[in-house]
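K.L.:
Following is a predicted model, sequence given first.
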Amino acid sequence: MIRQEEISAVLDAQAEIFCKKENGLTREALAAIPVVPSFATIITGIRRCGKSTLLRQLMSQKYNRALYLNFEDIRLAGFTTDDFTRLLREIERRGISVLFFDEIQIIPRWEIFIHQLLNEEYTLFISGSNASLLSRELGTHLTGRHIPMELFPFSYSEYLSFGQLAAGEESLTGYLHDGGIPEYVKSHTGIILNTLIDDILIRDIAIRNSIKDVNSLRSLAVYLLSNVGNLVSAGKLAGMFDIKAASTFLDYFSFYQSSYLLEFVPIFNYSLKVQARNPKKVYAIDLGLVNEASANFSDDTGHKLENLVFLHLRRQPGSICYYKGQGECDFIVSRKGKVQSAVQVCRQINDRNFAREYNGLLEAMNALNLTEGTIVTFNQTDSFEENGKTIRMVPAHRFLLP
């Protein structure tokens, strides 16, 4: 239990720090933040991707007076459900109607408090680093009263703006190495990314899911970060990292995805059972994490480039799958149940791989009735036409721009 006087002191201290920080690079997501009366706006994303900065930018742009509270404050360690009553009294005392809450989902029954605030017509913005914890409670108590959005690390265009760089091979190489975690892009201090990975594994996954074998959780994460762009299967991994059950691997996959550390892309098939039975391709939410944690000592630029293209597609509406028939195509993008595009990724097209990459993409286009397809390379440009189909080869630094 925390006294109202203590809550007030934390609010004042956090507000002073929050307002003193620089707004930094204006994020592309700022213009897309949904604001709807009587709805809570829920912003999720990996830790350190800039959610608090985005809220500060929104506050500066739209709201002269707003209250910000981050529940991951050591001074709020004793905060319980009963303390929401005292927090509400403090909000009423200050006469503020716009509220920003960060990581509120760590407090039991938080969603009931949010429901009450919505009934009292407060404007609410909630940010958090665990999608499943937020969605689970929201689905129970705030069905139809919340609007979700996701924030990712810097896109390529944001990376260029932040560093005042020109699009091209040099900046693409830098982005492949740095990724887009703002603090790391600014300082290039590796400990930032190492600490981030530990925070995700310990605070977002192990503690919240009562996992005692943290070493296996960490070893599996390093393995997956070292194998981005490759197929993974829980059944084939069983027995590795002292994890015997395939079901445990599936649980860990889910935890990695909910915390935005990794993403798992299924095979394209209209049957969900077929999708579930087949291996998935694994991608990291940020390539800086891959370069910092990976145990892969070989040149893996091709798979990292594929990961960048995945992240570019992931930021846009729709679902992503990979295609496998006689050949393979890296990405099939669908929106509202309709296939929109097919994208193949290859670092460099040459005589040895042209037929494989071209035919895999063309097979997917024919199977899915697409007239256009794209091959993304590091620096090559070309165009091909065959039987009414057009395939364009584009360099990644052009494809990754809006």
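P.N.:
Cool, got the structure. Numbers count the residues shown, from 1 in each chain.

K.L.:
From now on I want contacts and neighbour counts done on CA atoms only, so please keep to that.
P.N.:
Noted.

K.L.:
I figured Ile267 was touching Ser319, is that so?
P.N.:
No. Counting by C-alpha atoms under 8 Å, Ser319 is not a contact partner of Ile267; they are 11.4 Å apart.

K.L.:
If you count surrounding residues, which of those two has more?
P.N.:
Set Ile267 next to Ser319 and count neighbours by other C-alpha atoms under 10 Å: Ile267 wins out with 22 against 19.

K.L.:
Apart from its neighbours in sequence, what residue is nearest the more buried one?
P.N.:
With sequence-adjacent residues excluded and distances taken as C-alpha to C-alpha, 6 or more residues apart in numbering, Ile267 is closest to Tyr322, at 4.9 Å.

K.L.:
just how off-centre is the helix or strand where that neighbour lies within its chain?
P.N.:
When elements are defined using DSSP states H and E, Tyr322 is found to belong to strand 319-324. Distance of strand 319-324 from its chain centroid, counting by C-alpha atoms, centre = their mean, to the nearest Å, is 18 Å.

K.L.:
for it, packing partners?
P.N.:
Where contact means 3 or more C-alpha pairs under 8 Å, 6 or more residues apart in numbering; DSSP states H and E, strand 319-324 is packed against strand 262-265, strand 328-335.

K.L.:
Name the strands paired with the next helix or strand after the last one and say parallel or antiparallel.
P.N.:
In other words, strand 328-335. Proceeding C-terminally, strand 328-335 gives way to strand 338-345 as the next helix or strand, assigned by DSSP H and E. Within its sheet, and counting by DSSP bridges, strand 338-345 is paired with strand 328-335 (antiparallel), strand 372-377 (parallel).

K.L.:
Helices of the stretch 1-150 of the chain, residue ranges please.
P.N.:
Remark: helices assigned in the stretch 1-150 of the chain by DSSP state H, counting those that start in this stretch are 4-20, 51-62, 83-94, 110-119, 131-141.

K.L.:
pLDDT (mean, whole number) over the first one?
P.N.:
This points to helix 4-20. Per-residue pLDDT values over helix 4-20 give a mean of 95.

K.L.:
now do the second one
P.N.:
Mean per-residue pLDDT for helix 51-62: 95.

K.L.:
which parts of that helix are buried?
P.N.:
Buried residues in helix 51-62, counting neighbours by 16 or more other C-alpha atoms under 10 Å, are found at Lys51, Ser52, Thr53, Leu54, Leu55, Arg56, Gln57, Leu58, Met59.

K.L.:
do the third one as well
P.N.:
Buried residues in helix 83-94, counted by 16+ other C-alpha under 10 Å: Asp83, Phe84, Arg86, Leu87, Glu90, Ile91.

K.L.:
and which of these is nearest Arg65?
P.N.:
Of all those, the one sitting nearest Arg65 is Ile91; the distance, using C-alpha to C-alpha, is 12.0 Å.

K.L.:
re the thing from before, got the angle between the strand holding Tyr322 and strand 338-345?
P.N.:
60 degrees (axes from the mean of the first three to the mean of the last three C-alpha atoms, to 10 degrees).

K.L.:
Contacts for strand 319-324, please.
P.N.:
Contact partners of strand 319-324, identified using C-alpha atoms under 8 Å, 6 or more residues apart in numbering, comprise 265-268, 281, 313-314, 328-335, 364.

K.L.:
And stretch 249-260, by the same measure?
P.N.:
Counting by C-alpha under 8 Å, 6+ apart, 45-46, 129-132, 200, 204-205, 217, 221, 234, 237-238, 243, 262-264, 285 sit against stretch 249-260.

K.L.:
Ok, stretch 332-352 next?
P.N.:
The contact list for stretch 332-352 (C-alpha under 8 Å, 6+ apart) reads 268, 301-302, 305-306, 309, 313, 317-323, 329-331, 357, 361, 364-365, 368, 370, 372-380.

K.L.:
what about the strands in this protein?
P.N.:
Assigned strands in the chain, in chain order: 40-44, 67-70, 98-102, 123-128, 146-150, 231-232, 262-265, 280-284, 319-324, 328-335, 338-345, 372-377, 382-386, 389-395 (criterion: DSSP state E).

K.L.:
With Leu11 as the reference, name the closest of these.
P.N.:
Leu11 lies closest to strand 67-70 among the strands of the chain, at 6.3 Å (C-alpha to C-alpha).

K.L.:
That's all I had, so thanks and see you.
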